[in-house]
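Peer 1: No sequence on hand, only this structure:
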């Protein structure tokens, strides 16, 4: 299957929307039943990041063989690394600009405020491995770099028959350590490359290497499986977060990073996508899916703008918009749309290359601006 898979691009668009949901927290702690709404939305969206890992492994396997695997992995690391640097730079730039502006308007001490807004306990492990030291959502990129590297080692050694078994064993260990500490106490985070990303990238790699192509006649079965595993995931999340510890949703939101049912949900979603490769072709979803990475990279600083403006509103007039229905209804779609628009603008001026390097290059910027100026001149003529 070498043609474009429109269904995967469309599911990328849906998955990135749920990523934004997870970080904007719509309806969280809003009145009596807000936590229930957010719990359902966030739990349904638990397939999002695993889906991105799995598709990365699938497409990596399409181009990989023993002789070229390290060069492909190196190219992927360079591209993902440029995205990570772009994401960190954008987050720090927006945070700094907003902090300086709001503090200056309030006649505050800009230097003191800046020092309190930035982490003072940065570690090399947090920056280069976990990837969440500066902006938490960026952990995905470093995890994907390492996960592809782990898979590449198995390919070079000719041991891919053990790949999924090893990755699954590590994932099970991570699942138990995170969700069932009464069985196993793991004293370090397991939302990382080794215990999380590696498994889903290996799973995607294995699906492609095995040339598994679900039949279109089975698509309804896969759709039904998606519904069943969604219900199972809601039940598992509720059991882990509330039933077993004796908590209630009204007391707050407890969110696990991933669960056992997530594996089967993601498999069902991916199987449906492969069984219906032309699903949603002709709609805006496949095109939107192409820009999912841009929304992912920019949505955190965009949301930070909303948060800091709301903080300024509270300081100036005592109005907290997070307590209004309007905020909870609009914040997620607004962050989504503004992140997309910002990324398209950045790409248009040549600061990033969509699908490629996200490090600014003067030649690319000049070429883009030159093209825009010539188009404007032609229109004027």
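Peer 2: Structure's in. What do you need? Not measured: the values here are computed from a predicted model.
Peer 1: And the helix or strand harbouring residue 50, what does it pack against?
Peer 2: Assigned by DSSP states H and E, residue 50 belongs to helix 48-63. Where contact means 3 or more Cβ pairs under 8 Å, 6 or more residues apart in numbering; DSSP states H and E, helix 48-63 is packed against helix 6-24, helix 69-105, helix 139-157, helix 198-209, helix 260-275. In short, each C-beta sits where N, CA and C put it, glycine included.
Peer 1: Identify the residues contacting that helix?
Peer 2: Helix 48-63 is contacted from outside by 2, 8, 11-12, 15-16, 18-19, 22, 72, 76, 140, 143-144, 147-148, 151, 196-197, 200-209, 258, 262-263, 266, 269-270, 292, using Cβ atoms under 8 Å, 6 or more residues apart in numbering.
Peer 1: let's see it at 7 Å
Peer 2: If you take Cβ atoms under 7 Å, 6 or more residues apart in numbering as the criterion, helix 48-63 is touched by 8, 11, 15, 18-19, 72, 140, 144, 147-148, 151, 197, 200-205, 207-209, 258, 262, 266, 269-270.
Peer 1: got the angle for that helix vs helix 139-157?
Peer 2: Counting by axes from the mean of the first three to the mean of the last three Cα atoms, to 10 degrees, helix 48-63 lies at 30 degrees to helix 139-157.
Peer 1: give me the low-pLDDT residue ranges for the protein?
Peer 2: Applying pLDDT under 70 to the chain picks out residues 1-2, 104-121, 256, 362-381.
Peer 1: hmm, back to that, from the chain's centroid, how far away is the helix holding residue 50?
Peer 2: 13 Å (Cα atoms, centre = their mean, to the nearest Å).
Peer 1: hmm, back to that, point out the most buried one among the helices and strands packed on helix 48-63.
Peer 2: Highest mean neighbour count among the helices and strands packed on helix 48-63 (mean count of other Cβ atoms under 10 Å): helix 198-209, with a mean of 25.
Peer 1: thinking again about what came up before, dump the helices and strands packed on helix 48-63 to a markdown table, plus distance to residue 216.
Peer 2: Compiled in a markdown table, those are given as follows (distance: least, Cβ to Cβ, whole Å):
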| stretch | distance to residue 216 |
| --- | --- |
| helix 6-24 | 11 |
| helix 69-105 | 30 |
| helix 139-157 | 29 |
| helix 198-209 | 17 |
| helix 260-275 | 5 |
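Peer 1: out of the ones you listed, which comes closest to residue 321?
Peer 2: Among the helices and strands packed on helix 48-63, the nearest to residue 321 by Cβ to Cβ is helix 6-24 (12.9 Å).
Peer 1: and the closest one, what other elements does it pack with?
Peer 2: Here helix 6-24 touches helix 34-44, helix 48-63, helix 260-275, helix 285-290, helix 292-317, helix 325-348, going by 3 or more Cβ pairs under 7 Å, 6 or more residues apart in numbering; DSSP states H and E.
Peer 1: In CSV, list those along with distance to residue 182.
Peer 2: Putting those into CSV (distance: least, Cβ to Cβ, whole Å) gives the following:
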stretch, distance to residue 182
helix 34-44, 22
helix 48-63, 25
helix 260-275, 16
helix 285-290, 40
helix 292-317, 34
helix 325-348, 35
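Peer 1: And stretch 246-253, end to end?
Peer 2: 13 Å (Cα to Cα, to the nearest Å).
Peer 1: Which positions within that stretch qualify as buried?
Peer 2: Judged by neighbour count (16 or more other Cβ atoms under 10 Å), stretch 246-253 contains these buried residues: 249, 253.
Peer 1: and residue 225, how many neighbours?
Peer 2: 18 (other Cβ atoms under 10 Å).
Peer 1: State the helix or strand in which it lies.
Peer 2: Element membership for residue 225 (DSSP H and E) is helix 219-238.
Peer 1: List of residues touching that helix?
Peer 2: Residues contacting helix 219-238 (Cβ under 7 Å, 6+ apart): 40, 43-44, 46, 214, 256, 259-262, 264-265, 268-269, 271-272, 275-276.
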